[in-house]
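Trainee: Give the three-dimensional model of this entry:
(one chain, ligands or ions: 1)
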Amino acid sequence: MPGHHNRQNGIVTLATTCLALLLGLGITAPSFGQSFAGNWAATGRTLDNGEQEHYILQLKQDGGSLTGKLSSLGFATDVKGTASGNHFELFGPWDAKKPFVTGELVNGELHGAVFDNHNWVARPATAADALPTVPYIEPPALHKVADNGLAKTPPMGWNSWNLFAGKVDDATVRSIADAMVSSGMRDAGYVYVNIDDTWEGVRDANGNLQTNHKFPDMKALADYVHSKGLKLGIYSSPGPRTCAGYPASYGHEAQDAKTFAAWGIDYLKYDWCSAGMVYKNDQLQAVYQKMGDALQSTGRPIVYSLCEYGLGGVEKWGPEVGGNLWRTTDDIRDEWDSMIANVEKQVPTAPYAGPGHWNDPDMLEIGNGHMTDDEYRTHMSLWALVAAPLLAGNDIRNMSAATKAILMNKDVIAVDQDPLGKQASPVKNGNFETWIKPLADGSVAVGVVNMGPSAEQATIHASDLHLAGSVKKAQDLWTHKEVKFKNGAYSATVPSHGIVFLRVRSK
Ligand code: GLA
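Mentor: Numbers count the residues shown, from 1 in each chain. Here you go, the predicted model:
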């Protein structure tokens with residue numbers, strides 16, 4: 001195979017490929033030569049439940065190109081990359097430009113740096129490194145799970161993930177609960193305090209999922225949160241592992257639902273992640289139905305939040321599985337582009353929003369510091385216009401006056417919580433995007449977002465608002481002042497990435 005040479009050491013590709021084929025069948029990589037082909041084992045983090053994360057990297061080499069698979073307890077993904085002499089770079093499907101690991105082949109081991117310089121060593125895998133096999137469990141036949149009667153308006157509360165990620169613990173949740181009360185957030189409507197991933201321990205001898213050391217007594221924590229007039233949410237996955245690699249509910253759905261109910265849990269976020277290792281995307285409905293049934297069997301009212309990043313046409317069957325909300329997008333980041341991309345991605349789902357079942361463009365980033373206050377006002381307004389769940393993702397214990405004013409703007413919250421439950425869609429005109437939401441009392445919420453780089457004057461025409469009559473009263477929901485329509489129109493200067501947001505009444 002001319003031209004297919006490993007540039008520095010001269011191992012001919014044919015030999016490498018043959019080796020790779022053998023090694024791909026599970027034979028350990030030998031430590032001679034400079035071949036990257038083979039099965040490599042690497043140790044990862046120690047999880048908060050004491051388990052050791054580990055990875056298997058199955059590589060094939062064809063001259064300077066590498067292909068393969070990276071597997072762990074909770075995920076498996078195709079990888080590809082390059083080899084040049086002893087040097088290698090590997091890319092995941094999530095980022096074609098930035099390698100997730102780069103390094104050198106040294107004495108038969110791969111020595112590298114993962115992402116941001118985190119040291120990584122992979123040695124030839126042995127049988128002892130094999131990841132546990134997960135037996136396939138056929139999900140049940142489809143049927144309708146009865147409506148749980150919850151979430152007649154979009155759920156409101158707080159979730160730990162956006163800011164605390166793996167650093168959430170009992171003390172943090174208690175102090176957030178305290179702050180939900182003292183800051184006025186609870187009284188503004190934010191009642192769910194939701195623990196996201198990394199609370200999980202391991203299963204006991206009877207298969208009961210326990211908490212890890214960060215949450216010594218979940219029932220006591222629920223009692224505390226309830227004593228504050230708040231509700232407690234928790235997180236799991238239909239797969240064997242959560243997104244952060246912790247034990248999840250696969251094969252234990254009914255048991256976990258009972259555990260959650262016994263603890264006093266009021267809300268479950270159920271995150272697909274490693275379910276993709278076991279099921280196909282066309283099984284999403286059946287898989288989510290299984291937990292929907294399990295929650296209902298507990299007899300406890302538990303809001304059911306499906307987290308599947310918009311996969312599988314969820315908006316069409318979410319209510320069938322007892323879902324109260326479902327993610328329409330990838331994870332939000334505290335950046336303008338991400339926030340806008342998420343709200344725009346859920347535009348096609350608009351007809352499916354309504355009381356009891358909501359499209360979820362992900363949690364709020366307001367107050368996390370990487371957008372301007374104008375951008376956060378737009379974030380809050382857009383979430384209200386699209387009837388999104390309002391789950392604050394910031395540190396409630398330490399909020400600036402601006403963050404408080406944005407999150408607790410009662411007029412904007414009223415648009416989000418409007419009982420009609422309609423989801424606005426945008427109309428584009430130059431740099432402006434206009435979102436219009438009809439409200440239960442016949443009034444209309446209208447937001448005009450300036451997507452452009454500088455301030456511009458926006459004009460709202462009453463004739464575009466589908467009001468039952470002419471404009472009687474209009475209020476700017478951010479200045480809280482009444483504004484006047486003249487000759488059927490209202491104009492205002494809108495800063496870059498800002499919004500003019502009105503509630504317009506015709507009676
Ligand atoms: C996924 C979800 C996030 C968060 C993390 C936790 O990425 O989409 O919202 O729950 O998992 O691991």
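Trainee: Quick one: residues contacting residue 354.
Mentor: By Cβ atoms under 8 Å, 6 or more residues apart in numbering, the residues touching residue 354 are 421, 422. For the C-beta atoms, the positions are set from N, CA and C on the backbone; glycine is no exception.
Trainee: Also residue 412?
Mentor: Residue 412 neighbours (Cβ under 8 Å, 6+ apart): 380, 381, 384, 477, 478, 501.
Trainee: Just after the one helix or strand it maps to, pick out the following helix or strand.
Mentor: In the assignment (DSSP states H and E), residue 412 maps to helix 410-416. Using DSSP H and E, the helix or strand that follows helix 410-416 towards the C-terminus is strand 425-429.
Trainee: Parallel or antiparallel, list what pairs with that following strand.
Mentor: Using DSSP bridges, strand 425-429 pairs in its sheet with strand 432-438 (antiparallel).
Trainee: Residues touching the strand it pairs with, excluding its own?
Mentor: By Cβ under 8 Å, 6+ apart, the list of residues contacting strand 432-438 reads 382, 384-387, 415, 418, 420, 422-428, 444-451, 456, 458, 460, 464-466, 494.
Trainee: a helix runs through residue 187, doesn't it?
Mentor: Yes: assessed by DSSP: H, G, I helix; E, B strand; the rest coil, residue 187 belongs to a helix.
Trainee: buried residues in the helix or strand containing residue 291?
Mentor: If you go by DSSP H and E, residue 291 is part of helix 284-298. Of the residues in helix 284-298, 284-296, 298 count as buried by neighbour count, 16 or more other Cβ atoms under 10 Å.
Trainee: Now render the residues you listed as TSV, adding distance to residue 77 and pLDDT.
Mentor: Shown next, in TSV, are the buried residues of helix 284-298 (distance: Cβ to Cβ, whole Å; pLDDT from 0 to 100):
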residue	distance to residue 77	pLDDT
284	19	98
285	24	98
286	24	98
287	20	98
288	23	98
289	27	98
290	25	98
291	25	98
292	28	98
293	31	98
294	29	98
295	30	98
296	34	98
298	34	98
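Trainee: and the gap between residue 171 and the ligand?
Mentor: The gap separating residue 171 from the ligand is 20 Å, by Cβ to the nearest ligand atom, to the nearest Å.
Trainee: for that residue, what are its contacts?
Mentor: By Cβ under 8 Å, 6+ apart, residue 171 lies in contact with nothing.
Trainee: What pLDDT is listed against it?
Mentor: Looking at residue 171, its pLDDT reads 98.
Trainee: Please list the residues of the stretch 201-350 of the chain that sit near the ligand.
Mentor: 242, 243, 244, 271, 307, 331 (Cβ under 6 Å from any ligand atom).
Trainee: Let's see the distance spanning stretch 364-371 from one end to the other.
Mentor: From its first residue to its last, stretch 364-371 covers 12 Å (Cα to Cα, to the nearest Å).
Trainee: Dig out what residue 102 forms beta bridges with.
Mentor: Per DSSP bridges, the residues bridged to residue 102 are residue 89, residue 113.
Trainee: Provide the backbone phi and psi angles at the residue of the stretch 301-450 of the chain found nearest the ligand.
Mentor: Across the stretch 301-450 of the chain, no residue is closer to the ligand than residue 331, which sits at 4.6 Å (Cβ to the nearest ligand atom). Main-chain dihedrals, residue 331, degrees, to the nearest 10: phi -60, psi 140.
Trainee: and it, how many residues sit next to it?
Mentor: Number of residues near residue 331 (other Cβ atoms under 10 Å) recorded here: 14.
Trainee: If we ignore the residues flanking it in sequence, what's nearest it?
Mentor: Closest residue to residue 331 apart from its sequence neighbours, by Cβ to Cβ, 6 or more residues apart in numbering: residue 362 at 6.3 Å.
Trainee: now swap in residue 361 and tell me
Mentor: Using Cβ to Cβ, 6+ apart, the nearest residue to residue 361 is residue 342, at 4.2 Å.
Trainee: In contact with that neighbour: list those residues for me.
Mentor: Counting by Cβ under 8 Å, 6+ apart, residue 342 touches 328, 329, 330, 332, 361, 362.
Trainee: Against residue 386, how distant is the closest residue to the second one other than its chain neighbours?
Mentor: Of all residues not flanking residue 329 in the chain, residue 342 sits nearest, at 4.3 Å (Cβ to Cβ, 6+ apart). Taking Cβ to Cβ, to the nearest Å as the measure, residue 342 and residue 386 are separated by 10 Å.
Trainee: okay, and the common contacts of these two?
Mentor: Common contact partners of residue 342 and residue 386 (Cβ under 8 Å, 6+ apart): residue 361.
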